[in-house]
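Engineer: model this:
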Amino acid sequence: MKYFDKNKKAGEIVVYFFYQTILFLIFFSFFCFGENKKLVYCSEGSPSFFNPQLASDGPSFDVSAGIYDRLVEFDEERKSIKPGLAKSWSVSKDKLVYTFKLRKDASFHHTSYFKPSRFFNADDVIFSFERQMNKKHPYHLVNGGTYPYFNSLNMGTLIKSVTKQDPLTVKFVLKKKDATFLINLAMEFSSILSKEYADHLLKIKKPESLDFYPIGTGPFVFKQYIKDSVVRLENNKNYFRGSSRLGGMVAVIVPDSSVRFQKLKTKECDIISQPSPVDLPAMKKHSRIKLVGGKRYNIAYLAMNVEKGPFKNLKVRQAVHHALNRDLYIQAIYQGYAEKAKNPYPSNLWSYNDRVKDYEYSVEKARHLLKEAGYEKGFNTTMWTLPIARPYNPNGKKMGELMQADLKKVGIKVELVSYDWPTYISRSNKGEHEMIQMGWTSDNGDPDNFLRVLLSCDSVSSGINMARWCHPSFDRLIKKALLVVDQKARSRLYKKAQVLFKQQAPWVTLVHTYDYVAMLKHVEGYNHTPFGSKSFYTVYFKKR
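Structural biologist: Residues are numbered from 1 along each chain as shown. Below you'll find the model as predicted:
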C-alpha cells in the first residue's frame, strides 16, 4: 500500500506527518496517561436504591457516595468531623442546638432529566431531613417510606425541628443531648437531596423517580443503570471541591468473586470489590495487581429471629452458638484472614469488653441446652445465606453448608434459602427469616453505630435489627450512653451492654475480617478506610 504520492511536495509530507504525530500523542495520552479515563469498578451486587436514605447495603452506598454530599464528612485520618456542604457550625452550651453555615458554591447536577435553576441552599437540607422525620411529608411514604438508618438511630424523635435562619444558615434543635448526633450527620443517610428536583417530580406526578434517577451535588453525575448489569456515572465538572481526575465511573455488577478476579487480570476492571480470600495469595504475586486494605470495623454474624418458633427460647439460641465451629469457618472460608468474634464489634474499637465470656464450640453443651429447652430431638428450620460476597462474608453459600452440617450434629435440620441481594435485604427487613447470615461495617467508628443501629428496640421496626431482639435493659444502657459526653463514662455503659448482649445471644458472633480491595497497579489515590462505603473521588490513573 502506498502512503504518499511520489509527486507530493516535501512540505505536504511534513505537514502530514505533523498532524499524524499530534493525533498519535492525543491517542497515547488518553490511553496511557489516563486523564479523563473512566474508572471501571467491578462490584459484587446491584444497588437497592440510588438514594442512601432508603438503603442499608454496601453496593448502594458505593455508588451513592459519589453522587451526594452531606453537611459534614468524616475525616478518617484525624478520626474527626470536617466541613462538607456546611463550611462551619456551632453548638449551644446545652448541646441541644446545632447551627450550620452552608456553602454558597455547591451546585446540583445537570442531567438529561433535570436542569436545576439554583445552587444548594437551606431548603434542600430541610427537605432531606423532613422527608425522613415527618410522616405527613408528601415524600415520606414514597418507595416504601422505610428509612433504616434514620429510624434505627431514633432521629425522628431526637430532632425537634430543622429551620432556615437564612438561605445559607440551618438550625437543628434537639429534644435531648446526643453524643453521636454530629458524627451521624456524616453518614450516608444524611445525604442532601435537591428540593427543587423533588418539587418538579411532584408536579409531573413522578415522585418515585427521586430515588432511582438521582440528583446530588457530588463528584459524579448519574447517567444510566441497567438492572443487575451496570451503573454509569459521569464526571461532575462543576464539583465545588474541584473536578475529579476521572472522566467518570462505571460500576459493573459481577456477583462471582472468581469472575471479578479474572476481569481484573484481563484489565476489564480497574478495581474489584470483595476479592475472595482464596485468591489473595495469587493477587499478591501478580505483577499488575495490588491489594489495598486491612482490618476493618466489622462483624459477621448469624441472627436468630427471636419472634419465631424455637428462637424465642434463650437456651435454643445459646445452643446454636455452641454448635457452630467458628474456627473451622475461619480456615475454610476466610483462609485465616479473620479473627473469631465474641462481641458485636471488634477489639480495635474503643469500649470493647474483653472480659465477656464467649461460647465455646461444644456439641455436648449444645445438645444439653436443647434438651433443657424441650427440643431433645431437635427441630426443623431455615437459614438465609448471603447471595453476594460481603467484606464480612465472602462465601455465604459455603458457610451455610458448613453451618448446616454443624447444626445437624445436634439435631437441628436446616434448609438453606437465598434470594437476589435487593430481595434478601427487603424481605429480611420485614422479618420473614428464621435464621439469617448478615454482617456490618461501621459507618463512623462509634460503638453506637453497632449497638443502636443493629440491636436497639427502634431498629426492630426499621428492619436493620435482624434478630428482632428488643431488650429493655440493653436499650436503657445504650440510650443512657448518648447523654454522656465523656468517652470513658460512655465506655463503661457500652461494656455492660456487651455483657447483656452475649448472655441473651440474639446472634452467633462469627468473625471480624480483614477487608481488601484489589486494583491494577496504575490506579492511584484510592483511600481505603475502616468504614463501609468506598469513595472514588480522589482516584486517578498513574502515568505510564
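Engineer: can you give me the strands in the stretch 51-200 of the chain?
Structural biologist: When assigned using DSSP state E, counting those that start in this stretch, the strands of the stretch 51-200 of the chain occupy the ranges 72-75, 80-83, 86-91, 97-102, 159-166, 169-174.
Engineer: quick one: which of those is nearest Lys488?
Structural biologist: Comparison of the strands of the stretch 51-200 of the chain against Lys488 by Cβ to Cβ identifies strand 80-83 as nearest, at 18.3 Å. Quick note: C-beta positions are derived from backbone N, CA and C, even for glycine.
Engineer: now the closest one: average pLDDT?
Structural biologist: Taken as a whole, strand 80-83 has an average pLDDT of 90.
Engineer: could you do stretch 132-148 as well?
Structural biologist: Stretch 132-148 comes out with an average pLDDT of 94.
Engineer: quick one: pLDDT of the residue nearest the centre of the chain?
Structural biologist: With distances taken as Cα atoms, centre = their mean, Gly58 lies nearest the centre of the chain, 3.3 Å away. We note a pLDDT of 85 for Gly58 in this prediction.
Engineer: distance of it relative to Phe531?
Structural biologist: For Gly58, the distance to Phe531 equals 11 Å [Cβ to Cβ, to the nearest Å].
Engineer: mind listing the shared neighbours of these two?
Structural biologist: Here Gly58 and Phe531 have Thr441 as joint contacts, going by Cβ atoms under 8 Å, 6 or more residues apart in numbering.
Engineer: the residue nearest to the centre of the chain contacts Ala389, correct?
Structural biologist: No - using Cβ atoms under 8 Å as the test, Gly58 is too far from Ala389 to be in contact (10.2 Å).
Engineer: okay, and the common contacts of these two?
Structural biologist: In terms of Cβ under 8 Å, 6+ apart, Gly58 and Ala389 are both contacted by the residues 44, 273.
Engineer: out of the strands of the stretch 51-200 of the chain, which is closest to Met133?
Structural biologist: strand 159-166 (6.0 Å).
Engineer: follow-up on the earlier one: could I get the strands of the stretch 51-200 of the chain as a markdown table with mean neighbour count and distance to His512?
Structural biologist: Converted to a markdown table, the strands of the stretch 51-200 of the chain look like this (neighbours: other Cβ atoms under 10 Å; distance: least, Cβ to Cβ, whole Å):
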| stretch | mean neighbour count | distance to His512 |
| --- | --- | --- |
| strand 72-75 | 18 | 20 |
| strand 80-83 | 14 | 24 |
| strand 86-91 | 15 | 33 |
| strand 97-102 | 20 | 33 |
| strand 159-166 | 14 | 33 |
| strand 169-174 | 19 | 33 |
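Engineer: poorly predicted segments of the stretch 51-200 of the chain, please.
Structural biologist: 76-79 (pLDDT under 70).
Engineer: could you pull out the helices for it?
Structural biologist: All helices of the stretch 51-200 of the chain, identified by DSSP state H, counting those that start in this stretch, fall at 58-67, 122-133, 148-152, 155-158, 181-184, 195-203.
Engineer: between these, which one is nearest to Met519?
Structural biologist: helix 58-67 (14.1 Å).
Engineer: what packs against the closest one?
Structural biologist: strand 38-43, strand 220-226, strand 230-235, strand 248-253 (3 or more Cβ pairs under 8 Å, 6 or more residues apart in numbering; DSSP states H and E).
Engineer: out of those strands, which is closest to Asn51?
Structural biologist: strand 220-226 (10.9 Å).
Engineer: what lines up beside the longest strand seen in the chain in the sheet?
Structural biologist: Of all segments of type strand in the chain, defined using DSSP state E, the longest is strand 507-520. Sheet pairing of strand 507-520 (DSSP bridges) gives strand 271-272 (antiparallel), strand 289-295 (antiparallel), strand 298-304 (antiparallel), strand 338-340 (antiparallel).
Engineer: what's downstream of the third one, the next helix or strand?
Structural biologist: The reference is to strand 298-304. Using DSSP states H and E, the helix or strand that follows strand 298-304 in sequence is helix 314-323.
Engineer: could you do the last one as well?
Structural biologist: Following strand 338-340 in sequence order, the next helix or strand is helix 363-372 (DSSP H and E).
Engineer: cool, and the first one?
Structural biologist: Where DSSP H and E defines the elements, the next helix or strand beyond strand 271-272 is helix 280-285.
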